[in-house]
Every structure is written in C-alpha cells, then in structure tokens.
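>>> Show me how the following folds:
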Amino acid sequence: MVRKPVPLDEAIEATLALARPQAEKAGVALASDIPPDLPPVLADPVRLRQILFNLLSNAIKFTPAGGRITLRAFQKAEGTKQKAEGGEQQGADACVLPSAGCLLPSGEKLPAAECRVPPGWPSLVIEVTDTGLGIKAEDIPKLFTEFGQLDAGRAPEKRGTGLGLALTKKLVELHGGRIWVESEGKGRGTTFAFTLPFAGSAGVRRET
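Numbers count the residues shown, from 1 in each chain. Below you'll find the model as predicted:
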C-alpha cells in the first residue's frame, strides 16, 4: 500500500461514477455533500476508492427502490464552537455525528456526548448514509467479521459473502483511521462513518 496526498473530491466522484450503474438498476439515488476546500487526505488512491465503493455498494444492496444514499465528508473546525444536535454547544475538539449515538465494530454503543471525533483522531470524517433497512444493535458486531451475515428479514438475493465490510475495516485501519456504524434500528436507515488523516497531519507516517 502506497499512501500519498489524494484530493478527496476526485476520489469520491470517481467512485460515485463507478457505483452509479448499480444504483440506477436498484432505483436508488446517489448524492454527495463534499466541501470544495477540503485538504488532500493521506491515502492509497486505489484502496481509498475500494473503501468508498464497498460502503456504497453495501448501502445500495440494502436500500429499497426509491431510497437515497448520501456521501458526506467534513473536518472538525479548529478553534471554533460546533453545534450538536439539540443545540448544545461543543468545544473546539468536538465533531459531533448527526445521530443520538453510534456503535463501534465491537458493538459498543457510545452516547451522543461521546459520538464524535476526539483529540488525536484524524480530523476528516467520511459518511455513507442510506435510507435503507437499518440495523439492529445486536447485529452490529457481525458486520465487520469475515463471512458475517445479518438476518433482519433480508432477502436471500441480497446476501453476499460477508467479506466486504471486514475488508473495509482492515483497509481503514491500515490508513490509521477508524470505522463505526450509526443506526436507529430496523427500517430507520444506516450511516457508516470512518476517519482518514489529512496529508499534512502531524505525526502521521507516510511509509507503510
């Protein structure tokens, strides 16, 4: 894996173009919300597109026709206040995620007050949010295990090998990032979010 500065908007647009035929066939809309001034991320370009495509493909698979998938990216604002859901003001180190809580691959649930990018984490967050079937809390630990499958009433034709998310987790971690899941339950949609270091992040090793 060779990491170098990668313009995130270019990687995202290339991946969206690759995933669009699958989405159109499924009757699912794709959208992106990427600020134009994001600095480059430190990543292997091929592996980054693989991470993004795996998450988009998974979202398409479990989003019914007429649904929507949105890919977002944002950074925590240094030296500014950020407004959390419900109007609570957070400090400069907070980057609050847009839900009542999130779940790590272990299944650990973090409350809203801790569901953020803390100091020392890479400062870029990428989210893939769908309006699909949602995930029950007890199924979260299965998502990132090899050959892990979810029941949740999913049709047999939607079941894959169970390797995609396990590989995605490994690739994110190889980049020095972290991945987690947010879902308010079955039928309420899902957000997969992960972090990446910026190309100029202090203390990040460029050799792998």
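>>> Kindly list the longest helix within this protein.
helix 8-26 (DSSP state H).
>>> what's next to that one, contact-wise?
Applying CB atoms under 8 Å, 6 or more residues apart in numbering, the contact partners of helix 8-26 are 29-30, 32, 34, 36, 38, 40-41, 43, 45, 48-49, 52-53, 56-57, 60-61, 63, 65, 69, 71, 73, 124, 126. (Each C-beta comes from the backbone N, C-alpha and C, glycine too.)
>>> what about 7 Å?
Residues from elsewhere that reach helix 8-26 (CB atoms under 7 Å, 6 or more residues apart in numbering): 30, 32, 34, 38, 40-41, 45, 48-49, 52-53, 56-57, 60, 65, 71, 73.
>>> Show me which residues of that helix are buried.
In terms of neighbour count (16 or more other CB atoms under 10 Å), helix 8-26 has its buried residues at 8-9, 11-12, 15-16, 19, 23, 26.
>>> and that helix, what's its mean pLDDT?
Helix 8-26 comes out with an average pLDDT of 96.
>>> closest to residue 195 among the buried residues of helix 8-26?
Of all the buried residues of helix 8-26, residue 195 sits closest to residue 8, with 12.3 Å by CB to CB.
>>> just to revisit the earlier point, need the buried residues of helix 8-26 in CSV with distance to residue 186, can you?
Conversion of those to CSV gives the following (distance: CB to CB, whole Å):
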residue, distance to residue 186
8, 32
9, 34
11, 32
12, 29
15, 28
16, 27
19, 24
23, 22
26, 19
